[in-house]
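Enquirer: Build me a model from this:
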Amino acid sequence: MFYATVLATEACAKPLRCIRIVRSPAAGPTHTIHSLTMRLAVGGNPRIAAPSSCLTRCIPHIHAGSSITSRPQWQQQASPLSARWHCFVTAAVQEAVTATSPASSEALASSQAQAVDAAAVAARSSGQLPKNFDFAKREQQLYHWWEQSGVFAPDMSAPGPTFTIPMPPPNVTGKLHMGHAMFITLQDVMARYARMAGKKTLWLPGTDHAGIATQNVVEQQLESQGTSRIELGRQAFEQRVWAWKEEYGGFITTQLRRLGASCDWSRERFTLDLGLSEAVAEAFVRLADQGLVYRGAYMVNWSPRLGTAVSDLEVEYSEEPGFLYFFKYPLADSDRGEYLPVATTRPETILGDTAVAVNPADERYKQYVGRHVTVPMSGGRTIPVIADDYVDMEFGTGALKITPGHDPNDYEIGKRVGLDTINIMHKDGSLNAAAGTYAGLDRFDARKRLWSDMEAAGLVIKKENYTTRVPRSQRGGEVVEPLVSEQWFVRMEPLAKPALAAVANGDIKIMPERFERIYNMWLENIKDWCVSRQLWWGHRIPVWYVHSSQEQANA
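Expert: Down below sits the predicted model:
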């Protein structure tokens, strides 16, 4: 038996590791490896370059202290592995398949050991071995060699089955963060393990066009240049975004390479590639044919600056200092100045109120249920006082203004009890004609003006400092406005049911198991998904409308 002892030296395109062949005291037939010129090694897995007549084989067992025994065992160890073992390291080995005497074997081992030692000493004396390992330089050279050699591509000669992982595409505007590092590490481990197990392995990389984030970046560039996408027009704007993508869009993939991700970059995809765009359109049509896609007017998260609806997952809530405004809601049928005290964090939405709600168990307000109050600064519009269990008697005054057009909880109450829905805002965040004399004002300017006018009218009780949960767009950063808008939605309940069943019956196993409860809770309470966006950069919904005139189309 022979032992292979790995001696490390440092170089990239020059000898990197040496192998010392040492004769063991054990007797018996042996196989020798000779004519070894080490070219590259990673994690103790060497690439052995030898003359072209050599037999190419993967040798997983050449490590410090590991052994090479008789040929049948050697072949048995290597057979389930492809030539791209682990880090896709190949070994070209010229073997002397002869049963030699201990004396001749020892002589061969001794001569090779002397040659290896001489090469190692020469490398050190010539200055090829720096004091410190320059990982920033060497790792990039190594990865470039891996990629150019095609070692990340599936080995179709591998004996095992196909194993494929699609990469969750990071945003083309993105930069590396811990989330990327986590999923890249996990998928890389799975892909490398599959290759080691002899599977035809493909880890498919790609990037997401990131509609909101990318459009936002380019619009900010245009603003700094004194223009806008509206002035450019859709076609010219799309050309600008494509140009930006070509110039800056590869940053995140460069960072993924620096992590050592062993994905097949020759197959990299972009979510706006022609084939993928066609697939999106086909999926939309199929879902529509199955009744799983519909168009309707519902409460959405609206981003005034971006001019688009955003999903719940694209809204981030932050704790911010604000105010709790206490004011009077005058009873419409009272001549004694009676009122209900109400509190709100958004006074401008008073103009869209359609009811005031109290808890049916609240003794303070039972006598007012069924009566009407006058909306402040509305010109005399009256709304009913209703009873609803949703109202928290301990919050504020215990009387809750209901604005179905601009609050998701109020929207649900309004649907349940049949209240009108009034939208008081334009899509740019300014107030519309439904706001009366405040029409045209920005929502935050209207808040100040309205509160000032209410103070002058004697309708203000007090204003207190209050920490509020402010919904902000994850992409644009501005305050998101809940409002009712006509959008396209996917029905989620029919899709969630089989997903829940798959985990319940064991077809899918979630690890660690504690996350199964979170998974179930999320799918059991899922709402229909708003999939439409009012953007110019992205997939266009394959739906067209016919109007009798341009004026009607603009409306």
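Enquirer: rest of the way, CA atoms for contacts and neighbours
Expert: Will do.
Enquirer: What distance do you get for His144 to Glu320?
Expert: According to C-alpha to C-alpha, to the nearest Å, His144 stands 47 Å off from Glu320.
Enquirer: I meant Ser266, not that one.
Expert: Computed as C-alpha to C-alpha, the Ser266 to Glu320 distance reads 47 Å.
Enquirer: Give me the more crowded residue out of His144 and Glu320.
Expert: Using other C-alpha atoms under 10 Å as the criterion, His144 and Glu320 rank with His144 on top: 14 against 11.
Enquirer: Distance check, that one against Arg258.
Expert: Taking C-alpha to C-alpha as the measure, His144 falls 10 Å from Arg258.
Enquirer: At which residues are the helices of the stretch 101-250 of the chain located?
Expert: 102-125, 135-148, 178-196, 211-224, 229-232, 234-248 (DSSP state H, counting those that start in this stretch).
Enquirer: Which one, of these, ends up nearest to Leu287?
Expert: helix 211-224 (21.6 Å; C-alpha to C-alpha).
Enquirer: Out of the helices of the stretch 101-250 of the chain, which gets nearest to Asn554?
Expert: Comparing the helices of the stretch 101-250 of the chain against Asn554 with C-alpha to C-alpha, the closest turns out to be helix 229-232 (15.1 Å).
Enquirer: Check the offset of that closest one from the chain's centre.
Expert: Distance, stretch centre to chain centre, for helix 229-232: 29 Å (C-alpha atoms, centre = their mean, to the nearest Å).
Enquirer: What of stretch 464-481?
Expert: 22 Å.
Enquirer: so where do the helices sit in the chain?
Expert: Assigned by DSSP state H, the chain shows helices spanning 71-78, 102-125, 135-148, 178-196, 211-224, 229-232, 234-248, 251-258, 274-289, 408-417, 443-456, 493-504, 515-524, 550-554.
Enquirer: If we go by neighbour counts, what in the last one is buried?
Expert: The reference is to helix 550-554. Residues of helix 550-554 classed as buried: none (neighbour count, 16 or more other C-alpha atoms under 10 Å).
Enquirer: for stretch 331-341, how far is the first residue from the last?
Expert: Length of stretch 331-341, first residue to last, C-alpha to C-alpha: 11 Å.
Enquirer: Now do the buried residues in that stretch.
Expert: For stretch 331-341, by 16+ other C-alpha under 10 Å, it's 331-332, 339-341.
Enquirer: Tell me which two of those sit farthest apart.
Expert: In the buried residues of stretch 331-341, the most distant members under the criterion C-alpha to C-alpha are Ala332 and Pro341, with 14.0 Å between them.
Enquirer: could you redo the helices of the chain as JSON lines and give each row distance to Asp388 and mean pLDDT?
Expert: Shown next, in JSON lines, are those (distance: least, C-alpha to C-alpha, whole Å; pLDDT from 0 to 100):
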{"stretch": "helix 71-78", "distance to Asp388": "73", "mean pLDDT": "36"}
{"stretch": "helix 102-125", "distance to Asp388": "84", "mean pLDDT": "46"}
{"stretch": "helix 135-148", "distance to Asp388": "64", "mean pLDDT": "90"}
{"stretch": "helix 178-196", "distance to Asp388": "43", "mean pLDDT": "94"}
{"stretch": "helix 211-224", "distance to Asp388": "38", "mean pLDDT": "91"}
{"stretch": "helix 229-232", "distance to Asp388": "46", "mean pLDDT": "92"}
{"stretch": "helix 234-248", "distance to Asp388": "48", "mean pLDDT": "93"}
{"stretch": "helix 251-258", "distance to Asp388": "51", "mean pLDDT": "92"}
{"stretch": "helix 274-289", "distance to Asp388": "37", "mean pLDDT": "94"}
{"stretch": "helix 408-417", "distance to Asp388": "8", "mean pLDDT": "93"}
{"stretch": "helix 443-456", "distance to Asp388": "27", "mean pLDDT": "97"}
{"stretch": "helix 493-504", "distance to Asp388": "27", "mean pLDDT": "96"}
{"stretch": "helix 515-524", "distance to Asp388": "25", "mean pLDDT": "96"}
{"stretch": "helix 550-554", "distance to Asp388": "40", "mean pLDDT": "80"}
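Enquirer: Can I get those in CSV including distance to Val479?
Expert: Shown next, in CSV, are the helices of the chain (distance: least, C-alpha to C-alpha, whole Å):
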stretch, distance to Val479
helix 71-78, 60
helix 102-125, 63
helix 135-148, 42
helix 178-196, 25
helix 211-224, 15
helix 229-232, 22
helix 234-248, 25
helix 251-258, 28
helix 274-289, 30
helix 408-417, 15
helix 443-456, 10
helix 493-504, 29
helix 515-524, 25
helix 550-554, 27
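Enquirer: residues in contact with Gly538?
Expert: Each residue near Gly538 by C-alpha atoms under 8 Å, 6 or more residues apart in numbering is listed here: 209-211, 272.
Enquirer: Please tell me how far it sits from Ser277.
Expert: Taking C-alpha to C-alpha as the measure, Gly538 falls 9 Å from Ser277.
Enquirer: Pro168 too?
Expert: Pro168 sits 17 Å away from Ser277, going by C-alpha to C-alpha.
Enquirer: Also Lys462?
Expert: In terms of C-alpha to C-alpha, Lys462 sits 55 Å off from Ser277.
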